[in-house]
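J.: Build me a model from this:
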Amino acid sequence: MHHPTSIKPTALQQAATAPVFASILIVDDEKFDRTRLKRLCHEFDFTTHVAEADSLEAMRIILKKDRFDMILLDYHLPDGTGLDGVELIRADHVNRTAATLMITGTEQNNIALRALKLGFSDYLTKDEISGETLNRAVISALQKSQLARGMAVSVSKHDETLQSFSRKCAHDIKPIVSRMMRQMRTLRDIDKLEPEDAQERVERMEGSLRRLWSFLDDLDDIGAAKTTHTPSIPSSRGPQTLPISRINAMVPSERPGKPETKPVKPPSIFRRRPD
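T.: Model prediction:
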């Protein structure tokens, strides 16, 4: 009968994925277990700094002093469980993104499931821990933690860019809307005006609407041509950032003087644009 052979990473593959350095905190009330875990951590193929704590309270104090990449947390502790320790870790501003690994003396599926739901990277029993299994679990947990931190930073930067962009858009749109509100007030008594004055006020209002429409068209063009989070437009020198404050400058803020010849009246802004 054929037995499948387990595939193990080569030494070169492990070296490519292993970190260069990791600061590790071991939280266990048994000194023998802490000493064993510490020895195994020092045998990793990368440099480690290991600290110890024998209770949740001791862990809380240490977390306020140092930053850790990895926390090995025992389930049974004198002042709570390893699941309670997650709350302390997540509440710490510096160590809340640290990778966490649950260590327990007995194999209990319900504890393992709860630990994974709370954010533990993995779950190991003390009987199955060896240099190889611990090394593999720690490297995997560190990689997951690093990926999560990278995604959080990316989302944060994206949100900041969107907030800045929306503030600039609001800054440029408000003067146009303010002008339109003033022009709307001048139309209240339009039925009492001479036809020429009434026509001029309507044309001013339509001009403001056209400027607003042009502003929104420019935003559409930026969104269509955007390849990064920073709005940009193509130019002869390659992609360049288009300051939002320049969008409104593309449209004259003052009505041009009346030409000598009678101009052709542009279509009303309220006419539906062709698709």
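J.: if I pick Leu134, what's in contact with it?
T.: By Cβ atoms under 8 Å, 6 or more residues apart in numbering, Leu134 lies in contact with 37, 40-41, 124. C-beta: built from backbone N, CA, C; applies to glycine.
J.: buried ones in the helix or strand hosting Asp197?
T.: Secondary structure assignment for Asp197, by DSSP states H and E: helix 195-225. Residues of helix 195-225 classed as buried under the neighbour-count rule (16 or more other Cβ atoms under 10 Å) are 198, 201, 204-209, 211-212, 215, 218-219, 222.
J.: Also stretch 184-195?
T.: Under the neighbour-count criterion of 16+ other Cβ under 10 Å, stretch 184-195 has Thr186 buried.
J.: Mark out where each domain of this protein begins and ends.
T.: 11-153, 187-250 (automatic domain parsing).
J.: Would you single out the least confident of these?
T.: Lowest mean pLDDT within those: domain 187-250, at a mean of 67.
J.: Identify the farthest-apart pair in the contacts of Leu134.
T.: Pairwise distances across the contacts of Leu134 (Cβ to Cβ) peak at 13.1 Å, for the pair Cys41 and Leu124.
J.: which residue ranges form the helices in the stretch 51-200 of the chain?
T.: Taking DSSP state H, counting those that start in this stretch as the criterion, the stretch 51-200 of the chain carries its helices at 56-63, 82-91, 109-117, 131-186, 195-225.
J.: counting contacts, what elements does the last one pack onto?
T.: The elements that helix 195-225 packs onto, with contact taken as 3 or more Cβ pairs under 8 Å, 6 or more residues apart in numbering; DSSP states H and E, are helix 131-186, strand 232-233.
J.: I'd like the ones you listed as a markdown table, with distance to Ala115 appended.
T.: Shown next, in a markdown table, are the helices and strands packed on helix 195-225 (distance: least, Cβ to Cβ, whole Å):
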| stretch | distance to Ala115 |
| --- | --- |
| helix 131-186 | 12 |
| strand 232-233 | 46 |
